[in-house]
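Asker: from the sequence below, what's the structure:
(2 chains)
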2 protein chains.
Amino acid sequence: MPRLRALLGVGVLSGAVYACPLAAESTHDAWLRYAPIERTAREKYASFPAAVVVLGDSPTLGTAQRELIRGARGMLEKTLRAKKELPREKAIVLGTIVSIQALVPGFSARSSLGEEGFWLTTENLRGFQCLIVTATTDRGVLYGVFALLSKIAQIADLSDLNEVQQPYAPLRWVDQWDNLDGGIERGYGGRSIFFEDGKVLTDLTPVREYARLLASIGINGCAINNVNADPRLLEEDFLPQLARVADAFREWGIRIAVSIDLSSPKVIGRLDTFDPLDPRLTQWWRKKVDSIYRRIPDFGGFVVKADSEGRPGPSTYGRTPADAANVIARALKPHGGVVFYRAFVYDHHLNWQDPKSDRARAAYDIFHPLDGKFDDNVIIQIKHGPIDFQVREPVSPLFGGLQHTNVAMELQITQEYTGQQRHLCSLPSMWREVLDFNFQLDRDGASVKDIVSGKTFHRPMGGFVGVANVGMDESWLGHPLAMANLYGFGRLAWNPDLSPRAIADEWTRLTFGNDPAVVSTLSEMQVDSWTVYESYTGPLGLQTLTDILGSHYGPGVESSERNGWGQWHHADHDGVGMDRTVATGTGYVGQYPPPIAKLYESLQCTPDELLLFFHHAPYTHVLKSGTTVIQHIYDSHYEGAERAADNVHHWKLLRGRIDEQRYSDILARLQYQAGHAIVWRDAVCNWFFRASGIPDAHHRVGNYPDRLEAEAMQLQGYSIVNVVPWENASGGKAIECVQPRRCTASFRFARNAGWYDIDVVYFDQNNGVSSFQVFVGDQVVDEWMANDTLPATKIGGDSSTRRRIRGLALRPGDDIRIAGIPDREEHAPLDYVEIHAPLE
Amino acid sequence: MPRLRALLGVGVLSGAVYACPLAAESTHDAWLRYAPIERTAREKYASFPAAVVVLGDSPTLGTAQRELIRGARGMLEKTLRAKKELPREKAIVLGTIVSIQALVPGFSARSSLGEEGFWLTTENLRGFQCLIVTATTDRGVLYGVFALLSKIAQIADLSDLNEVQQPYAPLRWVDQWDNLDGGIERGYGGRSIFFEDGKVLTDLTPVREYARLLASIGINGCAINNVNADPRLLEEDFLPQLARVADAFREWGIRIAVSIDLSSPKVIGRLDTFDPLDPRLTQWWRKKVDSIYRRIPDFGGFVVKADSEGRPGPSTYGRTPADAANVIARALKPHGGVVFYRAFVYDHHLNWQDPKSDRARAAYDIFHPLDGKFDDNVIIQIKHGPIDFQVREPVSPLFGGLQHTNVAMELQITQEYTGQQRHLCSLPSMWREVLDFNFQLDRDGASVKDIVSGKTFHRPMGGFVGVANVGMDESWLGHPLAMANLYGFGRLAWNPDLSPRAIADEWTRLTFGNDPAVVSTLSEMQVDSWTVYESYTGPLGLQTLTDILGSHYGPGVESSERNGWGQWHHADHDGVGMDRTVATGTGYVGQYPPPIAKLYESLQCTPDELLLFFHHAPYTHVLKSGTTVIQHIYDSHYEGAERAADNVHHWKLLRGRIDEQRYSDILARLQYQAGHAIVWRDAVCNWFFRASGIPDAHHRVGNYPDRLEAEAMQLQGYSIVNVVPWENASGGKAIECVQPRRCTASFRFARNAGWYDIDVVYFDQNNGVSSFQVFVGDQVVDEWMANDTLPATKIGGDSSTRRRIRGLALRPGDDIRIAGIPDREEHAPLDYVEIHAPLE
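Answerer: As a prediction, the model looks like this:
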């Protein structure tokens, strides 16, 4: 289509005129598919107006009109008449309140709309009953159009429409951690849509498509580059490229920002310092900012990561974050720009032997003393928890500690610690809990959602920043279901009172249609998926027990210990957890207001799901649930892995109700997840079993009656290797084929005759494509290539992968043999085999 | 998968072990998808044996066992145990009668199985109730396995199975008209799967996949190259390449043949003649044939097209086809090979001014006198009608005229004259009529099916040859639905008593599953589609009124007239049709046996659907149906176009019941066909209206109240051009944009306000990609590129294409404008616009 547009020389066409798609159902349009609604449901819209009038000629209003036409064309298979003036017939009228008042004096909304809210209503205009989409601003009208289209896609009744919506918070941004070379830090959806080879891409079609998705959920800004920022972005000859990106976003009412390196004046300017209090800095930034705004008049501002994980910052000169933020904020102020200053500042060389060391304290310790010292166009961007997007953290106390400072909450849509889009983990469930958390200050409305939106402390600015990291992947995030997190982020930023279930329902209807079986199955899977993921990766507030020094993906229970990064859980022979109490621990609890501090200070009162974040508890400590800590760790992992397996069952019931391509793509991911959940389960359970010495009351941990270790098989060519860390492979060992030819591992089946499923657990590294074959006797019953691109160059918890061979008839005495052919650095590695009665 | 097989070095694996496919529903597996059957239906097979025993070790039996395992794995999600000996459990037993008798003395079929028949039954073997697939030969067992798998796919009950099937005729071949350069004469499914650049392809995976499809419907031979044969194929250094193709077919029990050029001994040999009676010829062919059989022991033989359309033949030396055939046949005889000698021999420089000239006579005139002169391993390959695969022809009289000669019927699966896979035209309906035609000889069983299968005249050989012309296209024939013709050909060759409806049902279930709505809709569409196509392209025995000098695709009413090719219909001012009677015409009718000749000799008795093939009738002649010839021509075309449009409606009701990819692909084809049927309708009706001067009683022909000619619009840049022949464009004119910039054509809408569909009829050539935009006022309501690859380099009936713009709200006074941007030789050509109330 871009090519056609170029040919026709009509750049403003937008997608309004796509005709019958020939392709299969695509995941690229995400929740804006505008698929034809069922014929029976279409009668509901039989009297839908045929004309859509836009009152005004701003680009944003034009976008709104085209989008409405596109949506109606897709869903109702009708092309509405695009009008600039009221026709002599009923119409959908798009325009600001003021522009409608020019037609109908006295027209006014029943309640305030604010700057970005909208009102959907019906009104008799010049004798015709019209459907009105109105707002204070053009952008509000655009949001109203998306709301109207969403209603149609969900087959809502539009008669007697009278609805006002307003966003909860003024700042609703996404950040992208894209590098100029086209990579994306913690991105799992392919290459950057903005950059490649140090330049902005020539074809920005994906950027425009992304902007449309963002606008549809009310996002109004996007910071386009990695917070570990490349200073080149601010060089004069780069600015025209930035301007092109801003142009692509602008038609959808979205401003761009860029992440900056505070040392830029020194690195790319000609100064010998970047001391924020040096007057030359003031001038340098003013000049730079003025230059940007000449090209991008609606430029949003800067994102700053400083004095964190090796980034330069004001501490170099003994200055504070406020000093650094304000000098830049003052340059932006005349243009209406802002600075997002990240509170993610901590020392990653902490002394792990000091029982008072606590990374969780850092943000509060650093920023609370500066409260009130930041200019009014500075926003402190605070991760929702005190650590770093773990599967479960308490709410950051800093939200209660900045009462005279603008704040925004940073949430992570890209699933860095929550399964990297390979595991289904629906985050709105987590976010909604965070947003509802109440700081119990001595005033009304001290919930997190009220604080970050600026209501509690009457701040002029505040809101939400979601780290999205979409990429060139067809489905944007690498997993079609992961887009529910981007959708949910936008919806919660607009209205944090929406329930996770309502959001999941909406998203499923928009993405997969209104089949009740699909909607209920998929919504339930989503809503539950966060706690499922938590239960096999880090229950009781242990955080994500992953390899924190590398991939942040598979299990790595001990990787957080005994190093300066401070994500400790301090497990030892007797117990586990970080004592963060005031009385005996790091004192972190004292950063919360007294009622909350009192709760967390007590081992008995702290909720089970955060217990080990706040306390070092004996394994034998009895939880509120009545079970011990150690037994809960076991139970939780087994239950989580079972629930991950259940999702495969549930999904299979939807076969035929979903297009084959998305059905099979998602099925494969759910099957992978079910297998990897067992890798997690076994790694964590065995590690804690060894640490605690306390057996599982249900005799599961360490007992795998259906399992046969590869190292116990008859090996030809294969060698036995130790896996590090040991808990990431069954029995701590695996086998590798280090010869260039094929190797085999075999064993004799000794159970009763019957139908069985065989699980083969192997390691799929990204630096080779081994091949496997499984034989029963002389019969090849399965073969596959280990060609996934998991974040792993070695055997272990990141690469461990399950192949399930279903429906095998096995007989006592059968010789079962696995042949592996190595490739490059991947040595056809195998962990174990498990034989079950048929499962799925 | 081929790559994996290569890696593993296990060439015999076949596809038995494909695991969960990640791709969308593919059309490549055609009717052998083996998709999982519905869970509820699966209970039916709960007691299906877990083992499959093959008694014997021939490659064909191995193929049968692997295929059964593959099918069960796909449909039942179970991997059967591949056994070589009877296990101590119930099993499916594959083996010849003799091999089973070795286990169960006295075991014998209830009726004769012949060489290729099979028997599906149950039998207690050594204490276990087994499911037996048996036959006289290994190939029969393979056919039985496919029959068993087809039953499972259709969820048939397998309890008390006891079924014998035998093929009706011994020869069931397909021909491919592939050229060594990779092109396929009259192929519409992409490049050759055999050849490219003068060589056999390195990767013959598609050949093996094709062989599997063919074997599943009982095809036992394939001639792999164009009948207009390249002599290089017989060169010694080419034979190893042929052997590779034969190897690929062999595992599926299929022999190959090649088409030969009779002048080969002169062209590639060192002889100075190819006179069949020259003794050096005998020797040359013997040597050549011996050489082939050294490499291909099961080589099938040769196909000969000679003295036809410029091909060299025995007439060069005054010899007969029998002379030519027999010399080659004698070389093949010791090896069991055969010669298919095509009866498609005619003079294409006929004198069209001679009322006695008649191409239809040629085959009978030439071959009937030679009856009894052909050796026993020669088969005369006769097209089903006397002309050339027209949409309707009488049965060739030669079938009754060769009582002492082997014959085979040549049918065309590739839709050369029946829509080239762009129009749905299901041919089993036509073929079944031909097969049931009875020659009314003074003996029992003189139906065509009995004659060609050798039963009537007790011939040792006989059968069916289908010209398939599959190619590299994902769906083999270029249209997913066209594969029903390949399937139907095989099924009728196996059992000509199957009804077209039963075949369509079977194919639909195997290809799309067992949803009753899908099965009934798609089966009905198929069964009707031949007469639908006939009704708008050549009713009353006019043959296909296409451009016979070029594409054989779009309308070209007059192209057959006044040239030597002899496909005349002799339309003039008073009437139309070829007088082929004995009394006053060419005498062709006299080639039929007396009872049939009597029928066709009479204007009154000849069936309406063949009337104009046999008679020159006045336009005012009243048909048996009560209407006149001319009115029938009009009515038939209008009804046919309407029925083509109905298919779009019917198909749309299946949305959601078929995977999105195949749904939308087929929808696009049906929509195209509905548009092109109107091009046909208008061309033929207007041509006959002008010829006859008799208006349509229903005032449709020449009256298009909803139509606006492009040449009548306000033009900017566009020029008016005459279309040749005139009837292939509305009003005989079109407009072209011969300037390099864009041109526009516009008009004012003057009808009542309402919802409308606009059809834009343009020309889509294959030598340029023009772009079009349609505006209502300033609003772009549609845009597209003319990027199809129709067989046309100019405007006319082949390229005429409809774009339907649906659901437009139009108001009186609207300015409607079409902008076209030309590209290379395609000048954004437009024919007309039609505006309707919404239709689909």
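
Asker: drop to CA atoms for contacts and neighbour counts, all remaining ones
Answerer: OK.

Asker: can you confirm residue A:673 is in a helix?
Answerer: Yes: Residue A:673: assigned to a helix according to DSSP: H, G, I helix; E, B strand; the rest coil.

Asker: that one is in contact with residue A:423, isn't it?
Answerer: Yes: between residue A:673 and residue A:423 a contact is recorded at 5.4 Å, counting by C-alpha atoms under 8 Å.

Asker: which non-adjacent residue is nearest the residue positioned nearest the centre of chain A?
Answerer: When C-alpha atoms, centre = their mean is applied to chain A, the residue found nearest the centroid is residue A:413 (1.7 Å). Closest residue to residue A:413 apart from its sequence neighbours, by C-alpha to C-alpha, 6 or more residues apart in numbering or on different chains: residue A:468 at 4.9 Å.

Asker: and residue A:833, how many neighbours?
Answerer: Per other C-alpha atoms under 10 Å in any protein chain shown, the neighbour tally for residue A:833 reads 21.

Asker: for residue A:766, same thing?
Answerer: Residues near residue A:766, counting by other C-alpha under 10 Å, number 18.

Asker: I'd assumed residue A:792 was in contact with it.
Answerer: Yes: at 5.9 Å, residue A:766 counts as touching residue A:792 under the criterion of C-alpha under 8 Å.

Asker: now the residue of the stretch 601-750 of chain A found nearest chain B: which helix or strand?
Answerer: Using C-alpha to the nearest C-alpha, the closest approach of the stretch 601-750 of chain A to chain B is made by residue A:661 at 4.2 Å. Residue A:661 belongs to helix A:660-692 when assigned by DSSP states H and E.

Asker: residue A:181 touches residue A:193, doesn't it?
Answerer: No: counting by C-alpha under 8 Å, residue A:181 sits too far from residue A:193 to count as a contact (11.2 Å).

Asker: how about stretch A:773-780 and chain B, touching?
Answerer: Yes: Stretch A:773-780 is in contact with chain B by C-alpha under 8 Å from any C-alpha of the partner chain, via A:779, A:780.

Asker: picking that back up, quick one: which of residue A:181 and residue A:193 has more around it?
Answerer: Per other C-alpha under 10 Å, whichever of residue A:181 and residue A:193 has more neighbours is residue A:193, with 27 against 15.

Asker: low pLDDT regions in chain A?
Answerer: Residue ranges of chain A with pLDDT under 70: A:1-25, A:840.

Asker: still on that earlier bit, what's near enough to touch the residue nearest to residue A:413?
Answerer: With contact taken as C-alpha atoms under 8 Å, 6 or more residues apart in numbering or on different chains, residue A:468 is in contact with A:174, A:175, A:176, A:412, A:413, A:414, A:486.

Asker: on that earlier part again, flag every buried residue along the helix holding residue A:661.
Answerer: For helix A:660-692, burial by neighbour count (16 or more other C-alpha atoms under 10 Å in any protein chain shown) applies to A:660-689, A:691-692.

Asker: tell me what that helix is packed against?
Answerer: Applying 3 or more C-alpha pairs under 8 Å, 6 or more residues apart in numbering or on different chains; DSSP states H and E, we find helix A:660-692 packed against helix A:516-537, helix A:629-652, strand A:800-810.

Asker: between the ones you listed, which gets nearest to residue B:226?
Answerer: Evaluated over the helices and strands packed on helix A:660-692, closeness to residue B:226 peaks at strand A:800-810, with 45.0 Å, by C-alpha to C-alpha.

Asker: give the contact list for the nearest residue to residue A:108 once chain neighbours are set aside.
Answerer: Excluding the flanking residues, the one nearest residue A:108 by C-alpha to C-alpha, 6+ apart is residue A:97, at 6.8 Å. Residue A:97 makes contact with A:107, A:108, A:109, A:134, A:135, A:136 under the criterion C-alpha under 8 Å, 6+ apart.

Asker: number of nearby residues for the residue nearest to residue A:547 when sequence neighbours are not counted?
Answerer: Using C-alpha to C-alpha, 6+ apart and skipping residues adjacent in sequence, the residue nearest residue A:547 is residue A:556, 4.2 Å away. Using other C-alpha under 10 Å, residue A:556 is surrounded by 29 other residues.
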